[in-house]
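Asker: structure for this input, please:
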Amino acid sequence: DMAEPIQQLTRNNNPQERQSIPFTLIQRKEKLGDLLYEKRQYGKAKWACIKMKEKQYEQSICLGFMKLMRYICEQNSSGLYLGITVPIVTIVHTNEAHSAMAQGVTVAYYLPEVLQDEPPHPFDSDIIIEEWPATIVYSR
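Answerer: The predicted model follows:
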């Protein structure tokens, strides 16, 4: 099922073709010279998002990512490969008391700058295009 998206990604797997999402660095945490994480602020932008709720957290992330890859690799109203932006963001949800992780996650893909004004519509109805306000992201 994923052969075509993987082939498309492989054909387009030049690091120069990956668009980094513009951000402002807020904090950088290192240990013994190794980067542990960065705290970044991204500006207001449109993202393709999918909410997943599988039995295991890792399954939710993997399946959500695969569905987004199909959207990126031509299963969209433009019929074109949209290009990779990095990072792909995973939002971990918590219960109402914020004391434990919830089962569901959101996996999100920042739409490239050229698509921000008019993003292609996904064929998969589980994927929605959302405009996020300025957002804080922890990246590793």
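
Asker: mind listing what's buried along stretch 28-39?
Answerer: E38 (16 or more other C-beta atoms under 10 Å). C-beta here means a position set from N, CA and C on the backbone, and glycine is covered the same way.

Asker: got any ranges where this protein has weak pLDDT?
Answerer: 1-17 (pLDDT under 70).

Asker: longest helix in it, by residue count?
Answerer: helix 57-72 (DSSP state H).

Asker: check contacts around E54.
Answerer: S60, L63, Q103 (C-beta atoms under 8 Å, 6 or more residues apart in numbering).

Asker: dump the longest helix of the chain to PDB, keeping only the CA atoms.
Answerer: In PDB, the C-alpha atoms belonging to helix 57-72 read as follows (Å, rounded to 0.1, in the frame of the first residue of the first chain):
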ATOM      1  CA  TYR A  57       1.300   5.400  20.800                       C
ATOM      2  CA  GLU A  58       3.900   4.300  18.300                       C
ATOM      3  CA  GLN A  59       1.300   2.800  16.000                       C
ATOM      4  CA  SER A  60      -0.600   6.100  16.000                       C
ATOM      5  CA  ILE A  61       2.500   8.100  15.000                       C
ATOM      6  CA  CYS A  62       3.500   5.600  12.300                       C
ATOM      7  CA  LEU A  63       0.000   5.300  10.700                       C
ATOM      8  CA  GLY A  64      -0.600   9.100  10.900                       C
ATOM      9  CA  PHE A  65       2.800   9.700   9.200                       C
ATOM     10  CA  MET A  66       2.000   7.200   6.500                       C
ATOM     11  CA  LYS A  67      -1.400   8.800   5.700                       C
ATOM     12  CA  LEU A  68       0.300  12.200   5.600                       C
ATOM     13  CA  MET A  69       3.000  10.800   3.200                       C
ATOM     14  CA  ARG A  70       0.200   9.700   0.800                       C
ATOM     15  CA  TYR A  71      -1.100  13.300   0.900                       C
ATOM     16  CA  ILE A  72       2.400  14.700   0.300                       C
END
